[in-house]
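> I'd like to go over a predicted model; first the sequence, then the structure.
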Amino acid sequence: MDRPKDKVQIKVFGKVCFMVETSPTLKPIQPLPLHISETRRFLRVMFSRWIVILGSIILLMLIITAIFAPLLAPYDPNKVNLKESMQQPSVRHLLGTDEMGRDSLSRIIYGSRIAVIIGVVVVVAAGAVGMFLGLIAGYFGGWTETIIMRFMDALMSLPPLVLMLAIAVMLGGGFTKVFVALAIGFTPTYCRLMCGEVLSVKENDYVMAANVIGASHARIMFRHLVPNVFPTLLVMITMDLGFAILSEASLSFLGIGINPPTATWGAMINGGQHYLLTNPLLSITPGVAIVLVVLAFNLVGDGLRDALDPRLRGRI
Amino acid sequence: MIFLVTIISFLLLQIVPGDPVLQILGSHATPEQQAILRHDLGLDQPVVTQYIRWIGGIFRGDFGKSIIYHENVAALIKERLPITAYLSVIALVISTVLGVIGGVISAVRRGSTLDSFISLFANTAVAIPTFWLGIVGIYIFGLKLGWLPIEGWTSPFIDFAKSTRQLIMPVFALSVPNIAIVVRQTRSSMLETIRQDYVRTATSKGLRRNTVLYKHALRNALIPVVTLVGMALAFLIGGEVLIETVFNIPGIGRLLVRAALDKDYLIVQAGVLIIGAVVCLTNLLVDITYGWIDPRIRYK
């Protein structure tokens, strides 16, 4: 697929496509005074929309919750207490308890840890592997490129969730296996992004100049090519953090994710769906947590894009 | 492309850690049983031979025998494929139509309250887990209001009314994220097209606003949307896996999940292959349509 010059490659649920503009509200950027510093300019543009501020606040809360989970959670998330099972929300249990008497709020709080870990590890792994492969493919071209990129195309032609499900099952399930499955699902986009970027940049004079003065392959790759994709990459990473969490929740919901009794949001929704009549909050509240977190990552991704590279505004 | 998908589906069985035979039979199996199954699966041969045998079987419609269901995998899939296809096509049509309408409204009335509202919806909808939406739907419309059945599947040829009632919620849950994707793409591509020179020309030669918008701009703006529809199908099938589980619909998605939980590797492998093939074919179809919609591509 050729990459149209004026469009930016983005990912919609694991599929690459080209977008011209998606930004929800396109107010013209206010011209900023020239004397302010780069950082201040960045922060000003980034937080010029209230919705980005909202997203950042949610993310900040998520991180605080994940770090201080033991202090915030009123109960042990895995403590079975059959005497208090299936309780409605009350002062003792703010969001009620599940069929084993485990406190729902505590489980959601601990679930944030899993969400953050999954998001970060998956995206870092997928980004590192994908970019490395894309860099090699784009830089060396020829057979290397054909093999790597065709393989990535094949991975992308499968619905991401189906691919991740199949890999997780084949590997046998469990914590690390889920990471691997998710990371493989998220790799191809990074590979494509990098490869496309390298192909378009490597003919530039400064790359040739670097080559002429005797810079090594590695130096050219990491000093001259990688920084070019950095803005796009950062935005993609931010949004993918959210989508990784969403994907993990889907796998956990199907019972293929992380093993019980570990509290994950997806598994909680799954567990609670059998008790919708008696205690609907069991299923509904973890879902609210997922929606808020994924939405927040998207909003912050939007804000980052506007701030990092004004040319990209409204494009990815 | 489909060839590559076959390789990936084939590799899936190869990444099973340890011995797949032991995984399938459990550790109590006698060595004879193991040897028989190993031979049945062709695992006693070199990888390339295995691949050729496997692909040869597929061409003859032979995907092997399910270990759990004791039925041919091909038969199991054939039974369930129409159900998934029916659901997907309905959801695809609904999300494309609503998505395009929403996107056009939002682009034409850019900056209005309606535009902000649609954009907010689009942003939120991609963040909502499909399965959760299904469950909330079950709770509100199925259990609290009692308007719709909470699960199940009836063939539309047997009882159309019942079938439709059962489909409303699954299709809704499947469509919402897709509508959001289509809305975003239509809106951006419409905004891009409105800026083009030929649109300005059309306006300046005195055509009515609506003629310009819908005859000149929209037709061109829809081209990227068509590409997206191919991808949307892939995404829909992913959602199908979840929704069929939530609503207990006997389609491919549910089969895949059941097989996955039961470690019935052959079904998973075949399911992945079929889904991959369908997505590839759709994309091919999209490419052909592309040439039909946009003559410029044909002449290149």
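Nice, thanks for sending it over.
> Run a quick neighbour tally on residue 104.
Looking at chain A here, since you left the chain open. Look at residue A:104: counted by other CB atoms under 10 Å in any protein chain shown, it has 26 neighbours. In this view, the C-beta of every residue, glycine as well, is placed from N, C-alpha and C.
> my question was about chain B
By other CB under 10 Å, 20 other residues sit near residue B:104.
> shaky segments in chain B?
Low-confidence regions of chain B, defined here as pLDDT under 70, cover residues B:1, B:13-29, B:40-45, B:47, B:61, B:67-69, B:295-300.
> center of it, which residue is that?
Taking CA atoms, centre = their mean, the centroid of chain B lies closest to residue B:237, which sits 2.3 Å from it.
> isn't there a helix covering that one?
Yes - counting by DSSP: H, G, I helix; E, B strand; the rest coil, residue B:237 is found in a helix.
> Relative to chain A, how far out is it?
Computed as CB to the nearest CB, to the nearest Å, the residue B:237 to chain A distance reads 5 Å.
> How about the secondary structure of residue A:260?
coil.
> quick one: it and residue A:267 touch, right?
Yes - with contact defined as CB atoms under 8 Å, residue A:260 reaches residue A:267; the gap is 6.3 Å.
> Looking at these two, which one has more neighbours?
Between residue A:260 and residue A:267, residue A:267 has the larger neighbour count (other CB under 10 Å), namely 26 against 13.
> for the more buried one, helix, strand, or coil?
helix.
> before we move on, the earlier item: find the nearest non-adjacent residue to the residue nearest to the centre of chain B, please.
Take residue B:237 and drop its neighbours on the chain: the residue closest to it by CB to CB, 6 or more residues apart in numbering or on different chains is residue A:159, 4.8 Å away.
> What part of chain A, helix or strand, is modelled with the least confidence?
Here the helix or strand of chain A ranked lowest by mean pLDDT, DSSP states H and E is strand A:15-19, holding a mean of 53.
> OK, contacts around the residue nearest to residue B:237?
Contacts for residue A:159 (CB atoms under 8 Å, 6 or more residues apart in numbering or on different chains) come out as A:14, B:234, B:235, B:237, B:238, B:241, B:275, B:279.
> Pull up the gap between the second one and chain A, please.
From residue B:234 across to chain A, the span is 5 Å (CB to the nearest CB).
> Can you tell me how far the residue nearest to residue B:252 when sequence neighbours are not counted is from residue A:76?
In this structure, residue B:252 finds its nearest non-sequential neighbour in residue B:84, 4.3 Å apart by CB to CB, 6+ apart. In this structure, residue B:84 and residue A:76 are separated by 42 Å, where distance is defined by CB to CB, to the nearest Å.
> In terms of neighbours, single out the busier of those two.
Neighbours were counted for residue B:84 and for residue A:76 using other CB under 10 Å; residue B:84 has more, 26 against 14.
> Was I right to think that one contacts residue B:239?
No - shown here, residue B:84 and residue B:239 do not form a contact pair, counting by CB under 8 Å, at 11.0 Å.
> can you list the residues of the stretch 151-300 of chain B near chain A?
Proximity of the stretch 151-300 of chain B to chain A, by CB under 8 Å from any CB of the partner chain, involves residues B:177, B:181, B:184-185, B:187-189, B:191-192, B:224, B:227-228, B:231, B:234-235, B:237-239, B:241-242, B:245-246, B:256-257, B:260-261, B:263, B:265, B:268-269, B:271-272, B:275-276, B:279-280, B:283.
> Of those, keep whichever come out buried.
Buried by 16 or more other CB atoms under 10 Å in any protein chain shown: B:177, B:181, B:184-185, B:187-189, B:191-192, B:224, B:227-228, B:231, B:234-235, B:237-239, B:241-242, B:245-246, B:256-257, B:260, B:263, B:265, B:268-269, B:271-272, B:275-276, B:279-280, B:283, out of these.
> Can you tell me which of those residues end up in helices?
Of the positions in these, B:177, B:181, B:184-185, B:187-189, B:191-192, B:224, B:227-228, B:231, B:234-235, B:237-239, B:241-242, B:245-246, B:256-257, B:260, B:265, B:268-269, B:271-272, B:275-276, B:279-280, B:283 sit in helices, assigned by DSSP state H.
> about what we covered before: mind putting the contacts of residue A:159 into TSV with distance to residue A:215?
Putting the contacts of residue A:159 into TSV (distance: CB to CB, whole Å) gives the following:
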residue	distance to residue A:215
A:14	35
B:234	41
B:235	42
B:237	46
B:238	43
B:241	48
B:275	45
B:279	42
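> still on that earlier bit, pLDDT of the next helix or strand after the least confident helix or strand of chain A, averaged?
The C-terminal neighbour of strand A:15-19 among helices and strands, as given by DSSP states H and E, is helix A:38-46. Taken as a whole, helix A:38-46 has a mean pLDDT of 73.
> Does anything pack onto helix A:38-46? Which helices or strands?
Helix A:38-46 makes packing contacts with helix A:281-308 when contacts are defined by 3 or more CB pairs under 8 Å, 6 or more residues apart in numbering or on different chains; DSSP states H and E.
> Now do the contacts for residue 100.
You didn't pick a chain, so chain A it is. For residue A:100, the contact set (CB under 8 Å, 6+ apart) comprises A:80, A:81, A:82, A:85.
> ah, no, chain B please
For residue B:100, the residues meeting the contact criterion (CB under 8 Å, 6+ apart) are B:182, B:186, B:222, B:225.
> separation between it and chain A?
Taken as CB to the nearest CB, the span from residue B:100 to chain A is 15 Å.
> Sticking with that residue, tell me its helix or strand.
When elements are assigned from DSSP H and E, residue B:100 belongs to helix B:73-108.
> What residues sit buried inside that helix?
So for helix B:73-108, counting by 16+ other CB under 10 Å, buried means B:73-74, B:76-77, B:80-81, B:83-84, B:86-88, B:90-92, B:94-96, B:98-100, B:102-108.
> ok, now stretch A:219-237?
By neighbour count, with 16+ other CB under 10 Å as the criterion, the buried positions of stretch A:219-237 are A:220-221, A:224-226, A:228-229, A:231-237.
> Ok, stretch B:216-228 next?
Within stretch B:216-228, the residues scored as buried using 16+ other CB under 10 Å are B:216, B:217, B:218, B:220, B:221, B:222, B:223, B:224, B:225, B:226, B:227, B:228.
> just for chain A, where's the confidence low?
In chain A (pLDDT under 70), the answer is A:1-38, A:101, A:173, A:309-316.
> separation between the residue nearest in space to the middle of it and residue A:150?
A centroid search over chain A (CA atoms, centre = their mean) returns residue A:241, at 1.6 Å, as the residue closest to the centre. According to CB to CB, residue A:241 and residue A:150 sit 28 Å apart.
> cool, residue B:106 as well?
If you measure residue B:106 against residue A:150 using CB to CB, the figure is 37 Å.
> Just the helices from the stretch 151-300 of chain A, written as ranges.
If you assign secondary structure with DSSP state H, counting those that start in this stretch, the helices in the stretch 151-300 of chain A sit at A:160-171, A:175-201, A:205-212, A:217-219, A:226-254, A:265-272, A:281-308.
> Can I get these in a markdown table including distance to chain B?
Conversion of those to a markdown table gives the following (distance: least, CB to the nearest CB, whole Å):
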| stretch | distance to chain B |
| --- | --- |
| helix A:160-171 | 4 |
| helix A:175-201 | 9 |
| helix A:205-212 | 30 |
| helix A:217-219 | 28 |
| helix A:226-254 | 5 |
| helix A:265-272 | 6 |
| helix A:281-308 | 4 |
